[in-house]
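[1] Any chance you could fold what I've pasted below:
(one chain, ligands or ions: 1)
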Amino acid sequence: MPAEEFVAGWISGALGLVLGHPFDTVKVRLQTQTTYRGIVDCMVKTYRHESLLGFFKGMSFPIASISVVNSVLFGVYSNALLALTATSHQERRAQPPSYTHVFIAGCTGGFLQAYCLAPFDLIKVRLQNQTEPRAKPGSPPPRYRGPIHCAASIFQAEGPRGLFRGAWALTLRDTPTLGIYFVTYEWLCRQFTPDGQNPSSGTVLVAGGFAGIISWVAATPLDVIKSRMQMAGLKQRAYGGLLDCIVSSARQEGLGVFFRGLTINSARAFPVNAITFLSYEYLLLSWG
Ligand SMILES: CN(C)C(=N)NCCC[C@H](N)C(=O)O
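    Numbers count the residues shown, from 1 in each chain. All right, here's what the predicted structure looks like:
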């Protein structure tokens, strides 16, 4: 099993993550709290109450964890394509795989990464939703003191299953949308690259950026539900399950609720995925 894809996936995931984290914080807050009037209001309030640091809450943990999950995604995707088409990453420009194979490999990567991602994403979302300014004398301490404390508190209160809150919604979000992600990337690269050649850096940036936007547009409705299930019982009301969360969110807030965070998600998706794909392709090319 070629391991370079896993390493390249980890490094490229970390780079994308740092670039996209402030957007991600605003998105999570808009999706789970009703106190903000929109993106700008959320950014202004976050900056006023928590300074620039507020946008980077919960980031150290994803760097160490979620970028490992990116390595599972890219590693499984590439190895699934190898199993389906018997071609390595280097051979795929000369013998491009069919879009069906790309889609199946993407869905497989998405499905497996969702289970690795679930506990880390839960902790990230819980920390991002703590709007208290950093420890000021006299102010009440935040519920979680950091990622380890957050994981330990959830584990103590709910056992190991508590750490997988929202995992179903996450799997439903990621399995098809990661198929869409890799098909979009491949399709765009092939449109702008002569047969048999490697895509230029510009093509990789644009194809990666649009793959991010299109997959996140498709993922946003279940992303909203996933974030709400993860916050259920805290800032959010408790739900009877995934379906209850979908139905009661739609009843109370209208169908528009499923598109909350769409603009910020798309604005974040372009740079994050452009840099992720560029560094991934560059690393694999330089390792030969
Ligand atoms: C639609 N979905 C779930 C995705 N496209 N997932 C892959 C995301 C890669 C990148 N780290 C990001 O956070 O955008």
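
[2] Would you quantify the distance from Gly241 to Leu222?
    To Leu222, Gly241 is 14 Å away according to CB to CB, to the nearest Å. All C-beta atoms are positioned from the backbone trio N, CA, C, and that covers glycine.

[3] Out of those two, name the residue with the larger neighbour count.
    Of the pair Gly241 and Leu222, Leu222 is the one with more neighbours under other CB atoms under 10 Å, namely 21 against 10.

[4] Contacts only, for the more buried one.
    When the contact criterion is CB atoms under 8 Å, 6 or more residues apart in numbering, the partners of Leu222 are 169-170, 172-173.

[5] Please tabulate the residues you listed in TSV, including the columns distance to Ala151, secondary structure and neighbour count.
    Output for those, formatted as TSV (distance: CB to CB, whole Å; DSSP: H, G, I helix; E, B strand; the rest coil; neighbours: other CB atoms under 10 Å):
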residue	distance to Ala151	secondary structure	neighbour count
Ala169	20	helix	24
Leu170	17	helix	27
Leu172	24	helix	18
Arg173	22	helix	24
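
[6] Show me what from this protein comes close to the ligand.
    13, 16, 70, 174, 177-178, 181, 212, 215-216, 219, 269, 272-273, 276 (CB under 6 Å from any ligand atom).

[7] Now intersect those residues with the helices, please.
    13, 16, 70, 174, 177-178, 181, 212, 215-216, 219, 269, 272-273, 276 (DSSP state H).

[8] which residue ranges form the helices in the chain?
    For the chain, the helices defined by DSSP H occupy 4-32, 39-50, 60-85, 99-128, 147-158, 167-191, 201-231, 242-253, 262-286.

[9] now those helices as CSV including mean pLDDT?
    Formatted as CSV, the helices of the chain follow (pLDDT from 0 to 100):
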stretch, mean pLDDT
helix 4-32, 87
helix 39-50, 92
helix 60-85, 88
helix 99-128, 94
helix 147-158, 91
helix 167-191, 97
helix 201-231, 95
helix 242-253, 92
helix 262-286, 91
